[in-house]
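Colleague: Predicted model and sequence below, questions to follow.
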Amino acid sequence: MGAIAGAVAGVLAAPKSGKETREEIKKKADEAKQDTVDAYEATKTEVSKQTADAKKQAETKAKEAKAKAKDIKTRAEKAADAAKKEFNKKP
């Protein structure tokens, strides 16, 4: 915003006709608008990329957690079966 105010102040202080001054202000406003649009698009692209990366990482971590949970379940079932067999042994 400060750059815009400075540009407008510079245009208004320059010795030009009213029409030239208005054209210069419009030109500066159009440039500022385009800069804003460009910054918005760049930010939008970066946020989309980071969101996709985060989603991919979350999916990977979820798969890893699911695999670990399955492994723990399998080992617990084996331990329970072994304990049952040991318990059911006749002395």
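Modeller: It's in.
Colleague: Show me what the longest helix along the chain packs onto, helices and strands only.
Modeller: Under DSSP state H, the helix in the chain containing the largest number of residues is helix 18-88. When contacts are defined as 3 or more CB pairs under 8 Å, 6 or more residues apart in numbering; DSSP states H and E, helix 18-88 packs onto helix 2-13. Backbone N, C-alpha and C define where each C-beta goes, glycine included.
Colleague: and the helix it packs on, average pLDDT?
Modeller: On average, the pLDDT along helix 2-13 is 64.
Colleague: Below-threshold pLDDT in this protein: ranges please.
Modeller: Where the chain drops to pLDDT under 70, the residues are 1-14, 90-91.
Colleague: make it 90
Modeller: 1-22, 24-25, 28, 85-91 (pLDDT under 90).
Colleague: now the longest helix of the chain, how far from the centre of its chain.
Modeller: Distance, stretch centre to chain centre, for helix 18-88: 6 Å (CA atoms, centre = their mean, to the nearest Å).
Colleague: for stretch 80-91, same thing?
Modeller: With CA atoms, centre = their mean, you get 54 Å for stretch 80-91.
Colleague: Return the set of buried residues in that stretch.
Modeller: By neighbour count on 16 or more other CB atoms under 10 Å, the buried set for stretch 80-91 is empty.
Colleague: got the CA coordinates for it in CSV?
Modeller: Taking Å, rounded to 0.1, in the frame of the first residue of the first chain, the C-alpha atoms of stretch 80-91 are listed here in CSV:
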residue,chain,number,x,y,z
ALA,A,80,-3.1,-65.5,22.9
ASP,A,81,-3.2,-68.9,21.0
ALA,A,82,0.1,-69.9,22.6
ALA,A,83,-1.2,-69.0,26.0
LYS,A,84,-4.4,-71.0,25.5
LYS,A,85,-2.4,-74.0,24.4
GLU,A,86,-0.1,-73.7,27.4
PHE,A,87,-3.1,-73.3,29.7
ASN,A,88,-5.0,-76.3,28.3
LYS,A,89,-2.0,-78.6,28.6
LYS,A,90,-2.7,-81.4,31.1
PRO,A,91,-0.1,-81.7,33.8
